[in-house]
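**Student:** sequence unavailable; structure follows:
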């Protein structure tokens, strides 16, 4: 980052992008629930980091700075979407893509893959219903494997608050999932998009 | 019984708690905490079911996949329609072979053009955006530098003005002192001249007075002499007249 900041070195910046592109894109996908928007947000995050490279304080960790920039972009995007109550074709396509991603992982039988994909879809939807402050902590700790101390640095809040939000987030998530799973119609009818695969 | 806090349980569940054994011991003997932990563990397990693939460049390939799917649908529809409406003696394999190559070529060209166009548009957009940001950045930097230079110049000009004013004040004070000294000298010369003139005038007046007194005395003597000279003259003729 120092080379980017002081010498505007494009190669160093390309290295930073290749190192952090996937984590940032994953974070944005988990936060927004939409891989297309997440891709745009990840690009925007790196463009913003480059534009604000002079403001970066070398005494802090670069990753903290980058997570913070990406999260702020996600918050802005979520607010924008909330204002517009946007339901576009992109979102529908994203549902399909998210379904594809659900089954891409494991060495499971087709039935198990289908079941897991459906669960993944429900988890994604439940996570999107959680308030942003809980979702952020869950995504950073559970999916991106940041320590509670690191999350506290990124969000600039005490570590105890991070843990408290994590506990509350998990509680609310489990309640949401239980409510959804208890609905017999949804339980017996697998997702249409996953069946198409 | 003191239960660990929710924050401690979170640290424990994510392997960040220092006293794991104590927590485990408490958990083994506490139904209430077991229920809480089970609740959270269910949520954590559920979270694991949402997997993401390793971030591929989704945006750039998706249109290609869409176009390919659309082309295949059209191909299948055309093939089906052809089979339905064509005379039965026509061989479907021959028809397929006839149209397959041309469709393949056109599809390939179309996909290639679409991919190139998408790629170009995306990167042009990115480059334009980046260029605009860099330009704005440099503009801000330039403005900051200009403000710094202007500030430095103004400070230097103020310092120079202050120095010149100080010099002017000093030279004016020196000149004023010199003028006062010259005026003092001139006044002293005038005073001494006036005193000399006064002394000379007094001397001359005294001389005139002395001379006048002498003249008056001489005149008085002359009058006295004249008076004494006149008396004999007046007695003589009287006697002379009497004698006659």
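**Tutor:** Perfect, thanks for sending it. Keep in mind it's a predicted model, so treat the numbers as computed, not measured.
**Student:** for the chain, just list every one of the helices.
**Tutor:** Assuming you mean chain A. Assigned by DSSP state H, the helices in chain A fall at A:2-7, A:10-32, A:35-51, A:62-84, A:89-102, A:110-129, A:132-138, A:148-155, A:159-182, A:184-188, A:192-196.
**Student:** wait, I meant chain B there
**Tutor:** In chain B, the segments counted as helices under DSSP H are B:6-13, B:20-29, B:31-47, B:58-85, B:92-243.
**Student:** hey, least reliable of the ones you listed by pLDDT?
**Tutor:** Of all these, the minimum mean pLDDT falls on helix B:58-85 (a mean of 64).
**Student:** tell me the domain ranges of chain A?
**Tutor:** A:1-86, A:87-197 (automatic domain parsing).
**Student:** tell me the mean pLDDT over the longest one?
**Tutor:** Confidence over domain A:87-197, taken as the mean pLDDT, stands at 77.
**Student:** got TSV for the helices of chain A, with mean neighbour count and distance to residue B:9 too?
**Tutor:** (C-beta placed from N, C-alpha, C; glycine too.) Below are the helices of chain A laid out as TSV (neighbours: other Cβ atoms under 10 Å in any protein chain shown; distance: least, Cβ to Cβ, whole Å):
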stretch	mean neighbour count	distance to residue B:9
helix A:2-7	14	40
helix A:10-32	19	23
helix A:35-51	21	31
helix A:62-84	17	25
helix A:89-102	17	29
helix A:110-129	19	21
helix A:132-138	20	15
helix A:148-155	19	12
helix A:159-182	19	7
helix A:184-188	9	30
helix A:192-196	14	34
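**Student:** nearest to residue B:120, of these?
**Tutor:** Smallest distance to residue B:120 across those (Cβ to Cβ): 16.2 Å, for helix A:35-51.
**Student:** as CSV, the helices of chain A with distance to chain B would be great.
**Tutor:** As requested, these are arranged in CSV below (distance: least, Cβ to the nearest Cβ, whole Å):
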stretch, distance to chain B
helix A:2-7, 12
helix A:10-32, 4
helix A:35-51, 4
helix A:62-84, 13
helix A:89-102, 5
helix A:110-129, 4
helix A:132-138, 7
helix A:148-155, 6
helix A:159-182, 4
helix A:184-188, 14
helix A:192-196, 12
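**Student:** would you turn those into JSON lines with distance to residue B:5?
**Tutor:** Converted to JSON lines, those look like this (distance: least, Cβ to Cβ, whole Å):
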{"stretch": "helix A:2-7", "distance to residue B:5": "41"}
{"stretch": "helix A:10-32", "distance to residue B:5": "27"}
{"stretch": "helix A:35-51", "distance to residue B:5": "34"}
{"stretch": "helix A:62-84", "distance to residue B:5": "26"}
{"stretch": "helix A:89-102", "distance to residue B:5": "35"}
{"stretch": "helix A:110-129", "distance to residue B:5": "25"}
{"stretch": "helix A:132-138", "distance to residue B:5": "16"}
{"stretch": "helix A:148-155", "distance to residue B:5": "13"}
{"stretch": "helix A:159-182", "distance to residue B:5": "8"}
{"stretch": "helix A:184-188", "distance to residue B:5": "35"}
{"stretch": "helix A:192-196", "distance to residue B:5": "40"}
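**Student:** residue B:159: which of those helices is closest?
**Tutor:** Relative to residue B:159, the nearest member of the helices of chain A by Cβ to Cβ is helix A:2-7, separated by 33.2 Å.
**Student:** measure residue B:128 to residue B:138 for me?
**Tutor:** According to Cβ to Cβ, to the nearest Å, residue B:128 and residue B:138 sit 16 Å apart.
**Student:** which residue lies nearest the spatial centre of chain A?
**Tutor:** Residue closest to the average C-alpha location in chain A (Cα atoms, centre = their mean): residue A:30, at 2.3 Å.
**Student:** that one touches residue A:127, doesn't it?
**Tutor:** Yes: counting by Cβ atoms under 8 Å, residue A:127 is a contact partner of residue A:30 at 7.1 Å.
**Student:** wait, which of the domains of chain A is closest to residue B:45?
**Tutor:** Counting by Cβ to Cβ, residue B:45 lies closest to domain A:87-197 out of those; the figure is 9.5 Å.
**Student:** how about residue A:147, phi and psi?
**Tutor:** Dihedral angles of residue A:147 (phi, psi; degrees, to the nearest 10) stand at phi -70, psi 160.
**Student:** burial of the closest residue in space to it that isn't next to it in sequence, as a residue count?
**Tutor:** Once flanking residues are discounted, residue A:147 sits nearest to residue B:16: 6.4 Å by Cβ to Cβ, 6 or more residues apart in numbering or on different chains. When neighbours are defined as other Cβ atoms under 10 Å in any protein chain shown, residue B:16 has 16 of them.
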